[in-house]
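**Student:** Provide a 3D model corresponding to the input given below.
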Amino acid sequence: LWDRRLGFGGSHDDRNVHVYDSKQFPDETLRIVERDAQIPGSKVHWRFQVAQSRGELDAQISVLRRTLIRSFALLGLGLIVLVWLQTFYGLWPLRRVRDEIARMRAGQSNRISTAMPDEVAPMVEELNALIEHNERQAEEARRHAGNLAHALKTPLTVIMNAATAQSDDLADTVIREARTMRRQVDHHLARARAVGRRGSAHSRADVWPSLESVERAVGRLYRHVRIDVTGPRGLQVHVERQDLDEMLGNLIENAAKYGGGSVFVTVSKHSGFVEFLIEDDGVGIPEEERLRIFDRGVRLDSGKPGTGLGMAIVRDVAEIYEGTVSLEESEDLGGLLVRLRLPAAN
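**Tutor:** Next comes the predicted model:
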């Protein structure tokens, strides 16, 4: 720049430092720093300028820019690799679960028995519980099908034998055995409905409206029987209303049918269960016969109409809802006492 003269800078009238680029020389861009000054006692204003070629500065900026681009590119690539590694190893337990499910589907196992990390252990426990529940459902379905087939086998054999022998009472035999088969089908359908409804965790029924409904229905059939019901009115059970009506209907109707004219029903709540006590003043049932009465088709008094399936239905439906039913002797009325316990909902 020794042989060149810098042009006058921009118009400003202050004592501040000004920095700007200048292209006053076509072959070279300058970086200029200038400042105005005034010597004390003098009226002359001086402008001092310092200039440098921008070539070196631009080269440094270019190097810095390339360095930043490479650094950010490597950082981005590293982050992508880290995210992939985190995803790969983070989902590793789920791949193990998938492999275990594939082994179950292939018949090599029936449970996920491999130890899993704490993050997926609750899910594996729920999955095993679901598999166990489905197995129980399938086993119950197979057992119901087998029981129904066994129950229908005898009536069909009787009909076939009567038809083969061209028996004179073939029509009566067919009607009688068909009624037996229908009772068996009704019994197994009732149990199947209860099993299907058991899956609803929100199943609940008010106890008192069901008792009142059954009391009215039984009272119309046995007008000479007095039915007394006592207990709190706000109780609920984890049972579908239709199943509760069926259980109470069978028990109260049996008490009215085989009792001496008085039926007493007591409802109470104990240890998370609602307990129904159905008592009558009949002759009762001998202790050695109380378990056998729950078998399908068993009737101790054949002189009165019935199918022998009522108590079996009550037991089966109560067990489906994790309840119990038992027979005892009534201390107050002297007849039979039936104790039905069902899970409380309130």
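**Student:** can you give me the mean pLDDT across the helix or strand where A59 lies?
**Tutor:** For A59, the host element (DSSP states H and E) is helix 54-90. Taken as a whole, helix 54-90 carries a mean pLDDT of 92.
**Student:** elements contacting the helix or strand just after that helix?
**Tutor:** Helices and strands here follow DSSP H and E; after helix 54-90, the next one along the chain is helix 92-105. The contact analysis (3 or more Cβ pairs under 8 Å, 6 or more residues apart in numbering; DSSP states H and E) places helix 92-105 against helix 121-164. No exception for glycine: its C-beta is placed from N, CA and C like everyone else's.
**Student:** what's the angle between the helix it packs on and helix 92-105?
**Tutor:** 10 degrees (axes from the mean of the first three to the mean of the last three Cα atoms, to 10 degrees).
**Student:** separation between L57 and E132?
**Tutor:** According to Cβ to Cβ, to the nearest Å, L57 stands 76 Å off from E132.
**Student:** And M123, by the same measure?
**Tutor:** 15 Å.
**Student:** do the same with D280
**Tutor:** Taking Cβ to Cβ, one finds D280 at 41 Å from E132.
**Student:** what about those two, which has more around it?
**Tutor:** A count of neighbours by other Cβ atoms under 10 Å puts D280 above the other of D280 and E132, at 28 against 12.
**Student:** Mind pulling the model confidence for the nearest residue to that one once chain neighbours are set aside?
**Tutor:** Excluding its sequence neighbours, the residue lying closest to D280 (Cβ to Cβ, 6 or more residues apart in numbering) is G259, at 3.1 Å. Looking at G259, its pLDDT reads 87.
**Student:** neighbours around G259, how many?
**Tutor:** Neighbour tally, G259, other Cβ under 10 Å: 25.
**Student:** could you give me the average pLDDT of the strand ranked longest in the chain?
**Tutor:** Ranked by residue count and defined by DSSP state E, the top strand of the chain is strand 28-38. Here strand 28-38 scores 86 as its mean pLDDT.
**Student:** Now do it against helix 54-90, angle only.
**Tutor:** Using the same axes, to 10 degrees: strand 28-38 against helix 54-90 is 110 degrees.
**Student:** tell me what strand 28-38 is packed against?
**Tutor:** Contacts defined by 3+ Cβ pairs under 8 Å, 6+ apart place strand 28-38 against strand 18-25, strand 45-53, helix 54-90.
**Student:** do you know how far Q49 is from L57?
**Tutor:** Taking Cβ to Cβ, one finds Q49 at 17 Å from L57.
**Student:** Kindly report the same for R204.
**Tutor:** With Cβ to Cβ as the criterion, R204 and L57 are 83 Å apart.
**Student:** Between these two, which is the more surrounded one?
**Tutor:** Applying other Cβ under 10 Å to R204 and L57 shows that R204 carries more neighbours, namely 17 against 13.
**Student:** Next, count neighbours for the residue nearest to that one when sequence neighbours are not counted.
**Tutor:** Of all residues not flanking R204 in the chain, A345 sits nearest, at 4.2 Å (Cβ to Cβ, 6+ apart). Neighbour count for A345, taken as other Cβ under 10 Å: 17.
**Student:** Would you agree A345 is in contact with R241?
**Tutor:** No. A345 is not in contact with R241 according to Cβ atoms under 8 Å; the separation is 11.8 Å.
**Student:** What are the buried residues along the longest strand of the chain?
**Tutor:** Buried residues in strand 28-38, counted by 16 or more other Cβ atoms under 10 Å: 30-32, 34-36.
**Student:** Repeat that for stretch 241-258.
**Tutor:** Residues of stretch 241-258 classed as buried: 243-258 (neighbour count, 16+ other Cβ under 10 Å).
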